[in-house]
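> here is the input, now give the coordinates:
(2 chains)
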Amino acid sequence: MRDSIFTITENIALTKTVYRMKLKGDVSDITSSGQFVNIKLDGFYLRRPISVCDCENGILTLIYKVVGKGTEKMSQMPEGTELSILTGLGNGYNTAVSGESPVLIGGGVGVPPLYMLAKRLIAEGKNVTVILGFNTKEEIFCEDDFKALGAKVLVATADGSYGVKGFVTDALKDVDYTYFYTCGPEPMLKALYKATTTSGQFSFEERMGCGFGACMGCSCKTITGYKRICKDGPVLEKEEILWAD
Amino acid sequence: MGRLSVDLCGITLDNPVIPASGTFGYGYEFAELYDINVLGTFSFKGTTKDPRFGNPTPRIAECSAGMINAVGLQNPGVEKVISEELPKLKKCFDKKVMANVSGFAVEDYAYTCAMLDKEEQVGWLEVNVSCPNVHGGGMSFGTNPEAAAEVTAAVKKVTTKPVIIKLSPNVTDIVSIAKACEAAGADGISLINTLLGMRIDLKTKRPVIANKMGGFSGSAIFPVAVRMVYQVANAVNIPVVGMGGVSSAEDVIELMLAGATAVEVGAANLVDPYACRDIINDLPRVMDKYGINNLSDIIGGVK
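The predicted structure follows:
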């Protein structure tokens, strides 16, 4: 974990509510895909935890959705703005166990952390399929970015306006995979828990206090004991998950 | 004795800054970031007789200049704290530590305190009679002078180390409770714990926190802390440890002027993990600015 100052070099809208922010700074503590950063914003008491979409050559890429006042403020920040950011938070995805043909399944704003994961898996010579789920065509982002990496990309929209009509689980039916990685809304994660036929890793979201393991604000129960989503997660293995209800 | 040092119940602190219980774990998470031996001491995560998972999530809600938490005293229980957490703490912290204890019955407090009293590294026992998060729990002890005194007496009977009773601000007469604890043998008083608060999500029209209510902390509560520390320090003859929304060296000095011998820092650690180190580093500058030679000279110095 490191607390340092980043400077915004880009902050653009990808859809009506989803933005991409690029920042220049010390990214040396970001070691795995699936980790997150925690951003201090003037006028807000708690930091905003955002998953890492990409990190290379001193540039941190975040893709975030405007869901409240904090992210709305972020969306209005001009290039050159300096932000205090805690980096290197969370465990991240483990790529070593993926087998030859992993499938990466993202829903909505759960898609971004899969980008850096896909990049790493492809660099390791894996045959990567990506399934992206959105409500409707207008909400789609990152499809071309995954294609540019060399991944096979399937898009599912709930209203059928683009790609496979239905949910990511519908798109998954025709995919042969050795392992899966996922991030997205909890109903999607629960559906995938049932629909998947291999082991896999799930990235979870929770309201956090500190984001680095001190406050126990984001604890959950797992088969292997109590875990903090921020420190022992956000990635949990399928075999250890205990759903709250 | 350096110019920052103070005496807390017979033990010298190099400086009066103490990370508050529940915001600093057992120290080792922060020891990855900086040498935590720069601290006066710290109060470790609230410990109970039995292991506790705590409350369901969400446990956290943001507020203007503060936050609400309803963690619910998650901890592995006193036996595991002693067998697993304290050995790890010892590796990164050389000084005496403050053991924070909660309970749901007088016997539980006595049991847990007696166990921790035997640990060499424990310097003080901070007994939380005020955690507002647990249904039918600590709240009832801390809101009633007789019950607070009963816990104090029971703990004093089975321990040898200084006992500091941590009080709730969610009461009509904090002074009567502090005096009752003093009369029952308390060696010190710490205050304020969090203020009971609640937030509602306008989209879902439900409370943000699963437990509905939780403890409000952060810089918004600082004036309440100053007022209550002032009232209690003027009513008792034992040391007072002040806390509540402290986030700067100026805040530390203000609480000491109000009557605090030492000062705990809570929520600020969660927003800025270096908060306590930075406050300690900044204290000499602020002391110089206000013509303070030694911090111990200003305790209760408000005119």
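> chain B contacts on chain A?
Within chain A, the residues that sit near chain B (Cβ under 8 Å from any Cβ of the partner chain) are A:1, A:3, A:40, A:44-47, A:86, A:206-210, A:212-221, A:226, A:231, A:244. C-beta coordinates here come from the backbone N, C-alpha and C atoms, glycine included.
> what residues go with each domain of chain A?
Listed by automatic domain parsing, the domain ranges of chain A are A:2-89, A:95-203.
> residue contacts, the nearest residue to A:Lys165 once chain neighbours are set aside?
Beyond its immediate neighbours in the sequence, the residue positioned closest to A:Lys165 (Cβ to Cβ, 6 or more residues apart in numbering or on different chains) is A:Thr157, lying 6.8 Å away. Residues touching A:Thr157, when contacts are defined by Cβ atoms under 8 Å, 6 or more residues apart in numbering or on different chains, comprise A:133-137, A:140, A:163-165.
> what's across from A:Thr157 in the sheet?
The bridge-partner assignment for A:Thr157, based on DSSP bridges, gives A:Phe134, A:Lys165.
> per-residue confidence for it?
The predicted local confidence for A:Thr157 comes out at a pLDDT of 97.
> ditto for A:Ala244
79.
> follow-up on the earlier one: gap between the residue nearest to A:Lys165 and chain B?
Here the criterion is Cβ to the nearest Cβ, to the nearest Å. By it, A:Thr157 lies 23 Å from chain B.
> regarding chain B, what is its longest helix?
helix B:275-289 (DSSP state H).
> before we move on, back to that, roughly how far apart are the residue nearest to A:Lys165 and A:Ala195?
In this structure, A:Thr157 lies at 18 Å from A:Ala195, with Cβ to Cβ, to the nearest Å as the measure.
> re the thing from before, and the longest helix of chain B, what's its mean pLDDT?
Here the mean pLDDT over helix B:275-289 is 98, rounded to a whole number.
> now for it, which elements pack on it?
Applying 3 or more Cβ pairs under 8 Å, 6 or more residues apart in numbering or on different chains; DSSP states H and E, we find helix B:275-289 packed against strand B:17-19, helix B:249-258, strand B:262-265, helix B:268-271.
> ok, the residue lying closest to B:Pro162 once chain neighbours are set aside - contacts?
Nearest residue to B:Pro162, sequence neighbours excluded (Cβ to Cβ, 6+ apart): B:Cys9, at 3.5 Å. Applying Cβ under 8 Å, 6+ apart, one finds that B:Cys9 lies in contact with B:124, B:162, B:164, B:187-188, B:239.
> so which of those is the most crowded?
Counting by other Cβ atoms under 10 Å in any protein chain shown, B:Ile164 has the largest number of neighbours within the contacts of B:Cys9, with 28 neighbours.
> and the contacts of the host helix or strand of that one?
Remark: B:Ile164 resides in strand B:163-166, with elements defined by DSSP states H and E. With contact meaning Cβ under 8 Å, 6+ apart, strand B:163-166 is reached by B:9, B:21, B:98, B:100, B:113, B:124-130, B:148, B:151-152, B:155-156, B:178, B:181, B:185-191, B:193, B:239, B:241.
> where does A:Trp131 sit: helix, strand or coil?
If you look again at residue A:131, you'll see it is Ile, not Trp. Under DSSP: H, G, I helix; E, B strand; the rest coil, A:Ile131 falls in the strand class.
> that one and A:Val103 touch, don't they?
Yes. Counting by Cβ atoms under 8 Å, a contact exists between A:Ile131 and A:Val103, whose distance comes to 6.4 Å.
> since we're on B:Ile18, how many residues are nearby?
Around B:Ile18 there are 29 other residues, counting by other Cβ under 10 Å.
> how many neighbouring residues does whichever residue of the stretch 101-250 of chain B sits closest to chain A have?
Evaluated by Cβ to the nearest Cβ, the stretch 101-250 of chain B has B:Gly218 as its residue closest to chain A, separated by 5.6 Å. Residue neighbour count, defined by other Cβ under 10 Å, stands at 26 for B:Gly218.
> now residue 85, what's its secondary structure?
Just going to use chain A. With three-state DSSP as the basis, A:Ile85 sits in strand.
> same deal with A:Asp3?
A:Asp3, by the three-state scheme (three-state DSSP), is strand.
> got the contact list for it?
Counting by Cβ under 8 Å, 6+ apart, A:Asp3 makes contact with A:84-86, B:33, B:272-274.
> now do the same contact list for B:Lys49.
Residues near B:Lys49 by Cβ under 8 Å, 6+ apart: B:77-78, B:103, B:108, B:111-112.
> okay, now B:Asp288: neighbour count?
Burial of B:Asp288, expressed as a neighbour count using other Cβ under 10 Å, amounts to 11.
> rewinding a little: avg pLDDT for the strand holding B:Ile164?
Within the predicted structure, the mean pLDDT of strand B:163-166 is 98.
> related to what we said a few turns ago, the contacts of A:Asp3, buried ones only, as a ChimeraX selection?
Burial among those is assessed by 16 or more other Cβ atoms under 10 Å in any protein chain shown; the matching ChimeraX selection reads:
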select /A:84,85,86 /B:272,273
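> got the residue ranges for the helices in the chain?
As the question left the chain open, I've gone with chain A. When assigned using DSSP H, the helices of chain A occupy the ranges A:69-75, A:112-123, A:143-149, A:168-172, A:186-195.
> should've been chain B
Using DSSP H, helices in chain B cover B:28-31, B:78-80, B:86-92, B:106-117, B:139-142, B:145-157, B:174-183, B:222-233, B:249-258, B:268-271, B:275-289.
> single out the most deeply packed of those.
helix B:268-271 (a mean of 25; mean count of other Cβ atoms under 10 Å in any protein chain shown).
> give me the distance from that one to the chain's centre.
Once both centres are worked out by Cα atoms, centre = their mean, to the nearest Å, helix B:268-271 turns out to sit 14 Å from its chain's centre.
> avg pLDDT for that helix?
Computed over helix B:268-271, the mean pLDDT rounds to 96.
> who's in contact with that helix?
Where contact means Cβ under 8 Å, 6+ apart, the residues beyond helix B:268-271 that reach it are A:40, A:45-47, A:209-210, A:214-215, B:19-20, B:23-24, B:30, B:67, B:218-219, B:246-247, B:275-276.
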